[in-house]
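>>> With the input below, show me the fold.
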Amino acid sequence: QVQLVESGGGLVQAGGSLRLSCTAFGLTLNNYAMAWFRQTPGKEREFVAIRWNGDSPSFSTAYADSVKGRFTVSRDDAKNMAFLQMSRLKPEDTAVYYCAAQSAGSPWTASEYQYWGQGTQVTVSS
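Model (predicted):
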């Protein structure tokens, strides 16, 4: 059974940092691109960042404009884990954050991801 389990969410003041982790069970992570999405009540799930599998530097990472320069996505395939380092957090970053795995498809579209975690809440106070 495939499971993605996120951890590391919490409450932080604006300007602070958090590191989210995603551990994969039941699948070999290096066969998948790993992405992070976030969602707030009443809104659609929003792409945040992706770290592709493989070694091509041209397609290593991509970020939403709203987090570029503040968030860093990474992965450790040996540990079957992915990470999202979030810095200079803003109140508008408050959301439930999800990790997702994709073997193919549009990286920007939530419906094209095969596996999802349960989500972890990130709350940024002003």
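
>>> Tell me the secondary structure at the residue nearest the centre of the chain.
Ranked by distance to the mean C-alpha position of the chain (Cα atoms, centre = their mean), the top residue is W36 at 2.1 Å. Going by DSSP: H, G, I helix; E, B strand; the rest coil, the secondary structure assigned to W36 is strand.

>>> Run through the residues that contact the residue nearest to it when sequence neighbours are not counted.
Using Cβ to Cβ, 6 or more residues apart in numbering and skipping residues adjacent in sequence, the residue nearest W36 is V48, 4.3 Å away. (Each C-beta comes from the backbone N, C-alpha and C, glycine too.) When contacts are counted by Cβ atoms under 8 Å, 6 or more residues apart in numbering, V48 touches 35-38, 63-64, 67, 71, 84, 97.

>>> ok, the host helix or strand of V48: who's next to it in the sheet?
Assignment of secondary structure by DSSP states H and E places V48 within strand 46-51. Strand 46-51 has the following sheet partners, assigned by DSSP bridges: strand 33-39 (antiparallel), strand 61-63 (antiparallel).

>>> okay, those, which one's buried deepest?
Ranked by mean neighbour count, the strands paired with strand 46-51 are led by strand 33-39 with a mean of 23 (mean count of other Cβ atoms under 10 Å).

>>> got the CA coordinates for that one in CSV?
Extracted as CSV, the C-alpha positions of strand 33-39 are listed here (Å, rounded to 0.1, in the frame of the first residue of the first chain):
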residue,chain,number,x,y,z
ALA,A,33,8.6,13.7,-9.5
MET,A,34,7.8,15.0,-6.0
ALA,A,35,5.8,18.2,-5.6
TRP,A,36,4.2,20.3,-2.9
PHE,A,37,0.8,21.8,-3.1
ARG,A,38,-1.2,23.9,-0.7
GLN,A,39,-4.8,24.6,-0.1
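
>>> Show me what it is in contact with.
Under the criterion Cβ under 8 Å, 6+ apart, external residues in contact with strand 33-39 comprise 20, 22, 45-53, 73, 75, 82, 84, 93, 95-103, 107, 110, 113, 119, 122.
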